[in-house]
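Colleague: just the structure for this:
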Amino acid sequence: MDRQSRYLKEYLEHLGFIKQFSENTIKAYRQDIEQFFNYFHESKQTVNKDTIRDFLSTIFLKTKNKATMSRKIYAVKSFYTYLVRQGKIEKNPFDVISSPKIEKKLPQLLTEKEMNRFLDNLPEDKFLTLRNKAAFEFLYATGLRISELTNLKRGDIDFEEGLIRVLGKGKKERIVPFHDKARQILLRYLEAAREKFKTQNEFIFLNSKGNKITDRSIERILQDVFREVMQSSRSIYPHLFRHSFATHLLQRGADLRVIQELLGHSNLTTTEKYTNLNYSDLLKVYKQFHPRG
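Modeller: Model (predicted):
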């Protein structure tokens, strides 16, 4: 293994063990950095300000995407920053390279009226329709990411307190409340699951065979059900519920810091720090401002 490959291996291990990045994020970093390495290996150029700009120009001509460019710059720049901190190199060659400005687009939203109409008109006459209603109600009740929803286990839920323990991005743990409507439909769904399947799965949301449902299945089902219930061809996706959850709370006057904690965007990175949170206050704010609370 050459020095360059060894440095990259050490950096990726650093992202996993120290930074606790997800496997997908680490994979993206590796691909971007290896693309950078390969360019300079094939062109036989040295890494400096001008040759880096040549590399970026070549990539931009292929992608025409500023967001992709910005991501690649950040990945390689972070790698060199790590090497500087480790004393392996003296200077980061990317310090003179700035990321392209990206226009920030406002996320799509469902209005409170649209969300209530959709959730209130969901059928629940069969096991699968009951599961769908419980899943969609829970997405809006908690602002969970789709992967957090599908990975939710029975032991993560405190029905008495109305709280769930969520393991989010970077393996960061947080506590999220849920309202009584979500509790009631979830309990009914779990009872139906117990009657349908002899062997109980630890995961909450299951497919028709009693196995953990996939993110992709939820995405597909949501699109199909939304079109049928709302009589709309609008493109819908689970993350839109997360955007709507946050925006509706904010519009009703909830504190931005509380919303960040609920979404897992805060700096709370260890379980120990969670013990310092006053969950009675968090619950009070949630119940006061959630549209369906």
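Colleague: where does the prediction get shaky in this protein?
Modeller: Across the chain, the ranges flagged by pLDDT under 70 are 1, 100-107, 266-286, 289, 293.
Colleague: tell me the domain ranges of it?
Modeller: 3-96, 112-289 (automatic domain parsing).
Colleague: these two touch, right, K91 and L83?
Modeller: No - K91 is not in contact with L83 according to Cβ atoms under 8 Å; the separation is 9.8 Å. Where you see a C-beta, it was placed from the backbone N, CA and C, and this is true even at glycine.
Colleague: between the two, who's got more neighbours?
Modeller: Using other Cβ atoms under 10 Å, the more surrounded residue of K91 and L83 is L83, with 18 against 10.
Colleague: ok, and the closest non-adjacent residue to the more buried one?
Modeller: Of all residues not flanking L83 in the chain, I89 sits nearest, at 4.7 Å (Cβ to Cβ, 6 or more residues apart in numbering).
Colleague: over to the one you found: give its phi and psi.
Modeller: Backbone geometry at I89, expressed as degrees, to the nearest 10, gives phi -140, psi 160.
Colleague: distance check, it against L12.
Modeller: Relative to L12, I89 is positioned 17 Å away (Cβ to Cβ, to the nearest Å).
Colleague: and these two? Which one has more around it.
Modeller: Taking neighbours as other Cβ under 10 Å, I89 and L12 compare with L12 leading, 17 against 13.
Colleague: how about the helices of the stretch 101-250 of the chain, start to end?
Modeller: Here the stretch 101-250 of the chain has its helices, by DSSP state H, counting those that start in this stretch, at 112-120, 127-142, 146-150, 180-196, 215-230, 238-251.
Colleague: show me the one of these that comes nearest R3.
Modeller: In terms of Cβ to Cβ, the element of the helices of the stretch 101-250 of the chain nearest to R3 is helix 146-150, at 36.3 Å.
Colleague: helices or strands next to the closest one in the packing?
Modeller: Applying 3 or more Cβ pairs under 8 Å, 6 or more residues apart in numbering; DSSP states H and E, one finds that helix 146-150 makes contact with helix 127-142, helix 215-230, helix 238-251.
Colleague: give me the buried positions along the last one.
Modeller: Translated: helix 238-251. P238, L240, F241, R242, H243, S244, F245, A246, T247, H248, L249 (16 or more other Cβ atoms under 10 Å).
Colleague: just the residues you listed now: which is nearest T142?
Modeller: Each of those was scored against T142 by Cβ to Cβ, and F245 proved nearest at 7.3 Å.
Colleague: re earlier: redo the helices and strands packed on helix 146-150 as CSV? Include distance to G162.
Modeller: As requested, the helices and strands packed on helix 146-150 are exported to CSV (distance: least, Cβ to Cβ, whole Å):
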stretch, distance to G162
helix 127-142, 10
helix 215-230, 23
helix 238-251, 16
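Colleague: for R6, find the nearest of these.
Modeller: Across those, the minimum distance to R6, taken as Cβ to Cβ, is reached by helix 215-230, at 35.0 Å.
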